[in-house]
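Visitor: What would the 3D arrangement of this be:
(2 chains)
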Amino acid sequence: MPRMKINGVEHSFPDGMNVLEACLQVGIYVPHFCYHPALSVVGSCRMCKVEVIQNGRSRVDISCNLPVSDGLEIITDSPEVRQAQQMTLELLLANHPLDCPICDDAGECDLQNFYLEYGRHDSRLRELKRRKRKAADIGRSIILDSERCVLCSRCVRFLAEVTRTEELGIFGMGAGEELMVRPGAELSNDYAGNVVDLCPVGALTDKDFRFKRRIWFLSSTPSICQLCSRGCNVRIDYDINPFHTHKRDFEKNTHRTEATAYGRIQRIKPVVNEAVNGNWICDCGRYGYRSTDAADRLLHPVIAEEGDLRQVELSQAIRQIASGITSALSGGSGKVAVVISPRLTSEELFAVWALLRGSLKLPSIDHRLPIDPDWYGDDLLRTPDPFPNRTGCEWIGIEPSEGGTDIAGLPQAIGAGRVDTLVSILTDPRDFLDGPQIKRLKRRFFILRNLPDELKPWVDAALPAAAWGEYRGSFVNFQGRIQRLEAAFDPLGEAQPVWRLMAGLSAALKKPLGWKTLGEVQTAMAKDVSLFMGLSWDAIGVDGTTVPVHLAKAAG
Amino acid sequence: MSSDKVKIDVSETAGMLKFRYEHSGAALVPLLFEVQRRDGCVTEKAELDVAELLGVSPRLVHEAVTFYPLLFQRPVGKYLIQFCHNISCSLVGAEPLIKILEEELGVGPGEVTEDGLFSYRRAECLGCCADAPVMLVGERLYTRLTEDKVRRVIAEFRDGRVPEDGAPLTETAEIDNPALSLNFKVPNAANIKVAESRGAYKALRKVLTEMTPEQITEDVKRAGLRGMGGAGFPAGVKWSFVPKDPSLTRYLCVNCDESEPGTCKDREIMRRDPHRLIEGTVIAARAFGASVAYVYIRREFYEPRDIFKRALDEAYAAGYLGRDILGSGLNLDIHLHPGAGAYICGEETGLIESIEGKKGWPRIRPPFPALKGLFRQPTVVNNVETLSNIPYIILNGVDAYRQRGTEKSPGTKLFCISGHVRRPGVYELPMGTGLREMIYGVAGGIREGHTLKAVIPGGSSVPVLTSDEIDIAMDFESTQAAGTMLGSGGVIVMDDTVSMPLALEILSRFYAHESCGQCTPCREGTSWIYRILQRMNRGLGRKGDIELLLDLANSMDGTTICPLGAAAAWPVQAMLKKFPDEFERLCH
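Guide: Residues are numbered from 1 along each chain as shown, chains lettered A, B, ... in the order given. Down below sits the predicted model:
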């Protein structure tokens, strides 16, 4: 553990760490472009300069390739360092197009921020700026503006070291060199979107976000990706303020639109969690947020009436479902089959389980939905399981009991008349039943986030569930790590988290669960489910937790 | 020949090259030259074929093709004319001759003549500064060009002939007991029989029979042999950094990328006494246990390459190379590896990257090449002249070597004197010889009717001296004390006709052209400096330009991964300091 001084204060650092990392660790920011914690060190941008005092001699040097060592003294803000930083910025900006007003990165651009902090010089360039390619379409989701590029090579290293696909390179030599896709390639691999996050400037921008919002209009909430069982840590960048529009719209008074009209989620960004996803997320998770603000969201409870769906009060819809279940149960508890998606949070799963198995003792409850044959895992982040909370289902023990039917057995059970009522929670029965089988059911009750037109003919009653971004809760990923999701904004319409709907249904079924808050559900779950023993929101923490850790904590 | 057949030929070449180089990356640039010979350029389709043949990433292939100036993406003429427009050639009239050439060809740089016979490019230093002005036509070099000679050479090529250069060999020195130039004036010294008759490989026999590797290193250390590429680092000390672990493959890279403007010494060794270099290389490899050596020779050295290649074949046949050399159990293979027109590959880690088939972006240190160099194995990079000193040291002893030169810069050195002197040449002289003596004695003084104005004493990068500052000894320490450097020993002499802002523009154009583009200060600074100087020399200088030039130069000096940033900064700093009036006059 070398001991060394940074800005006059002595600290210890682990061997192998570099001085830049050491400074960042103790909260002293050293500006940098090419250094990235998850990529190899190239030391080429020359921005991370610090003053190094070693053996009584002082020099200004880059900090990213200097290992920490005993007795080193580092000064990050001496006049010499400031001058070196300012000069590097002047050089980087000399041929930069300074088109910040139309740059998506404006507001979160390192070049902009560093200029404010360390630059603040007048341009001395009297020559014409060098022109390069602008707005090159280089892949499914990426636009490259090479005039803005500072040639830090982070994207090149990411594609060489992480995805090993090597679509991008820095071609040419010297001042004329340019970042570009190699001949015959396009940047469309499953992780391509990460280059936008890596890019310290606005050279690589995301088609999906391009010109959509100024970033200073965005708010951020941490969440967990729900598109596979890894549970990558992400941040939802959203905007629910309808006044965040263009001045010209404001003047025309056209800003008074529903938040949904322009979508609340603007983009998804990865959040670093070394235990789960490191620095990255896949493109599926990055761009798979649209269902939350999709046009087919079910916003209000509906019941079938004269061949159509009619919007009703929530209490009426719940009553209808409760009486349907009660009628079915008069033919035996096996008449009702419940299919639950492993997309529910553990709290939601537990609520469903507590009511339908705990109180009603239904034997046919299952979560083992067939996996979309187009889904695939890889050796980076994507797992072979597209459901975020299968482990949660398993921990709670969601499965058919003695005499019950599993999902695979449903077609036969329906055919034989053993099951005549389906309760589908966030699932689409067309995934496991064919048309005639669904038709044969007497009652089909749904809890849904999205209701596509094709499903409407099968709905007898449906309750609107809160979508991703609208609810809090937790998932257990494939590694057994419990991670929490925060709600970014309120549910649309009358949508509610499934646990709350279950609480309502339980009252209508005269088996009241009585929960009013998520905390109460969690407390109950922590009491009933041994692997969640002692769990609480705080115990999960921002990075998530694993069973041995939280059990040890619970045991004190 | 059908196109299929051609394709198979390249595959065979690829297989052969892979075999020869062990590492497929190292076969990349040689193979790309093969492809270029076949197709006239390297198309994107060919890039993908080559990537697949060698199993290297197509991204790396495209980076190489776009990085190296001598790999072309579009066809060039049957004969590519490369006309040097760097400092030494410009001093003796390159620009008017380029006008003549353009007139003869009827095309500009980068264009192909209508008949497809010629295309031409302005080339940076071709490493023949003592024979300036020079041009390459295809693989043939033409030196000491005049208007008539340019017209005659072009005319003869047009007539389907390949004219002889006809110019005499580069001037050399008469010196007692030369260490380096012993065979320079001996006809056919590149022939192994002739070389052996003059003592070649005696030192190697001595080393293999009488000395341990440690003793070789010890002798070279005691002799005080310094690196002759420019930095002057003690060669024996460099070898001693290499780990002794027998499980590691150790490499020796011989730097013959001679590209520092004003420097043309290694070329003379390669073409006039190649066996001296081979012998020095084997001895050095023996000293630190290298089993493979790469001789990285700049592409433009066609004649030296052919001569050296023949010499290598002879040395293999005579048992001085290959397996079990002279029955000693020592194994060494030497690969001759082509550069591709980038100055930066003379920097040791740029050279290593280039051999690996990558663009020549220097590496950050640590790790140093002695620990992790070529193919991440321990590697020493030595200059041609450095290694060529070793046979003399071994045969004549440390004391004999140290008898000449100074205490810290012992021995002799090849000095390349170019520019406005009467007798430009490559002269072996003791270290510490006076600069005045070199210019007025050895090189015969300034050309008729003119007086000395300035000297760049160690290759284009080092700080310039005024005519009042030439009473210095030419060794590493004395030059440093005088505020300049010995560098590569390229002495560029400028008389009173030279405009310093123009000279600096030529030098800055070179660094702007040769910056590899990796580090911010050098990539942006070199081209910015060049553009300011261009503007000043066109009469558009402004107040503040000089201050800006200095700021830009200072921002590159010692602030980059490799020394090119500093090398580009020093001429600017020194010129502005020593000839301020000439620059101030341009700013208004």
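Visitor: from here on, contacts and neighbour counts on C-alpha atoms
Guide: Will do.
Visitor: so where do the strands sit in the stretch 151-300 of chain A?
Guide: Ranges of strands in the stretch 151-300 of chain A, per DSSP state E, counting those that start in this stretch, are A:168-171, A:178-181, A:204-206, A:219-224, A:233-238, A:265-270.
Visitor: Which of those sits closest to chain B?
Guide: Checking the strands of the stretch 151-300 of chain A against chain B by Cα to the nearest Cα gives strand A:168-171 as the closest, at 5.0 Å.
Visitor: Could you pull up the mean pLDDT of the closest one?
Guide: Taken as a whole, strand A:168-171 has a mean pLDDT of 98.
Visitor: That strand pairs with which strands, and in what direction?
Guide: Looking at strand A:168-171 with DSSP bridges, its partner strands are strand A:178-181 (antiparallel).
Visitor: contacting residues around the partner strand?
Guide: Under the contact criterion Cα atoms under 8 Å, 6 or more residues apart in numbering or on different chains, strand A:178-181 has outside partners A:132, A:138, A:144, A:146, A:149, A:151, A:167-172, A:187.
Visitor: again, only using 10 Å
Guide: For strand A:178-181, the surrounding residues in contact (Cα atoms under 10 Å, 6 or more residues apart in numbering or on different chains) are A:132-133, A:136-139, A:144-147, A:149-153, A:155-156, A:166-172, A:186-187, A:203, B:59, B:62, B:517.
Visitor: Derive a PyMOL selection command for the buried subset of these.
Guide: Per 16 or more other Cα atoms under 10 Å in any protein chain shown, the buried members of the contacts of strand A:178-181 correspond to this PyMOL selection:
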select buried, (chain A and resi 132+138+139+144+145+146+147+149+150+151+152+153+155+156+166+167+168+169+170+171+172+186+187+203) or (chain B and resi 59+62+517)
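Visitor: element containing the residue in the stretch 401-550 of chain B that chain A sits nearest to, please.
Guide: Nearest residue of the stretch 401-550 of chain B to chain A (Cα to the nearest Cα) works out as B:G517 at 3.6 Å. Counting by DSSP states H and E, no helix or strand carries B:G517.
Visitor: can I assume it is in contact with B:E524?
Guide: Yes - taking contacts as Cα atoms under 10 Å, B:G517 lies within contact range of B:E524: 8.1 Å.
Visitor: Give me the below-cutoff pLDDT ranges for the chain.
Guide: This is for chain A. Flagging of chain A using pLDDT under 70 yields the residue ranges A:244-262, A:554, A:556.
Visitor: Chain B, not that one
Guide: In chain B, residues with pLDDT under 70: B:1-9.
Visitor: domain parsing for it?
Guide: Structural domains annotated on chain B: B:3-67, B:79-171, B:192-401, B:404-495, B:500-584, as defined by automatic domain parsing.
Visitor: need the strands for the stretch 1-150 of chain A, in chain order.
Guide: Counting by DSSP E, counting those that start in this stretch, the strands of the stretch 1-150 of chain A are A:3-6, A:9-12, A:49-54, A:57-62, A:73-75, A:136-137, A:142-144.
Visitor: Kindly reformat the ones you listed as a markdown table containing distance to B:Q215.
Guide: Formatted as a markdown table, the strands of the stretch 1-150 of chain A follow (distance: least, Cα to Cα, whole Å):
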| stretch | distance to B:Q215 |
| --- | --- |
| strand A:3-6 | 41 |
| strand A:9-12 | 44 |
| strand A:49-54 | 35 |
| strand A:57-62 | 36 |
| strand A:73-75 | 41 |
| strand A:136-137 | 61 |
| strand A:142-144 | 58 |
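Visitor: For chain B, which of these is the nearest?
Guide: Counting by Cα to the nearest Cα, and looking across all of those, nearest comes strand A:57-62 at 7.4 Å.
Visitor: what sits against B:P463?
Guide: B:455-457, B:479-480, B:482-486, B:567, B:569-575, B:577-578.
Visitor: mind redoing it with 7 Å?
Guide: Contact analysis of B:P463 by Cα atoms under 7 Å, 6 or more residues apart in numbering or on different chains lists B:I456, B:T484, B:W570, B:P571, B:A574.
Visitor: center of chain B, which residue is that?
Guide: B:E258 (0.6 Å; Cα atoms, centre = their mean).
Visitor: wait, what's in contact with that one?
Guide: For B:E258, the contact set (Cα under 7 Å, 6+ apart) comprises B:G127, B:C264, B:D266, B:R298, B:G346.
Visitor: Just give the number of residues close to the first one.
Guide: It stands for B:G127. Residues near B:G127, counting by other Cα atoms under 10 Å in any protein chain shown, number 26.
Visitor: in what helix or strand does the closest residue to it other than its chain neighbours lie?
Guide: Take B:G127 and drop its neighbours on the chain: the residue closest to it by Cα to Cα, 6 or more residues apart in numbering or on different chains is B:C264, 4.7 Å away. Assigned by DSSP H and E, B:C264 falls within no helix or strand.
Visitor: Does B:C264 touch B:C129 like I think?
Guide: Yes - assessed by Cα atoms under 7 Å, B:C264 is found in contact with B:C129 at 6.0 Å.
Visitor: I'd like the distance between A:E73 and A:C64.
Guide: Distance of A:E73 to A:C64, given as Cα to Cα, to the nearest Å: 15 Å.
Visitor: Which of these two has more residues huddled nearby?
Guide: Ranked by neighbour count (other Cα under 10 Å), A:E73 and A:C64 place A:C64 first, with 27 against 22.
Visitor: give the contact list for the residue lying closest to that one once chain neighbours are set aside.
Guide: Among residues not flanking A:C64 along the chain, A:L20 sits closest, at 5.0 Å (Cα to Cα, 6+ apart). A:L20 makes contacts with A:V30, A:S63, A:C64, as judged by Cα under 7 Å, 6+ apart.
Visitor: give me that answer again for 8 Å
Guide: Residues near A:L20 by Cα under 8 Å, 6+ apart: A:V30, A:C48, A:S63, A:C64, A:L66.
Visitor: now, which of these sits nearest A:V162?
Guide: The closest of those to A:V162 turns out to be A:C64 (Cα to Cα; 20.0 Å).
Visitor: Let me know whether the closest one touches A:H36 as I believe.
Guide: No - judged on Cα atoms under 8 Å, A:C64 makes no contact with A:H36 at a distance of 9.3 Å.
Visitor: Over in the stretch 251-400 of chain B, which residue gets nearest chain A? Let me know.
Guide: Of all residues in the stretch 251-400 of chain B, the one sitting closest to chain A is B:I364 (6.7 Å; Cα to the nearest Cα).
Visitor: Quick check, that residue in contact with A:G43.
Guide: Yes - shown here, B:I364 and A:G43 form a contact pair, counting by Cα under 8 Å, at 6.7 Å.
Visitor: which residues are common contacts for those two?
Guide: A:N65, B:I561.
Visitor: can you map out the strands along the stretch 151-300 of chain B?
Guide: Under DSSP E, counting those that start in this stretch, the stretch 151-300 of chain B gives strands at B:250-256, B:290-297.
Visitor: winner for burial among these?
Guide: Stretch with highest mean neighbour count among those: strand B:250-256 (a mean of 28; mean count of other Cα atoms under 10 Å in any protein chain shown).
Visitor: what helices or strands is that strand leaning on?
Guide: Applying 3 or more Cα pairs under 8 Å, 6 or more residues apart in numbering or on different chains; DSSP states H and E, we find strand B:250-256 packed against helix B:274-288, strand B:290-297, helix B:348-355, strand B:379-383, helix B:384-388.
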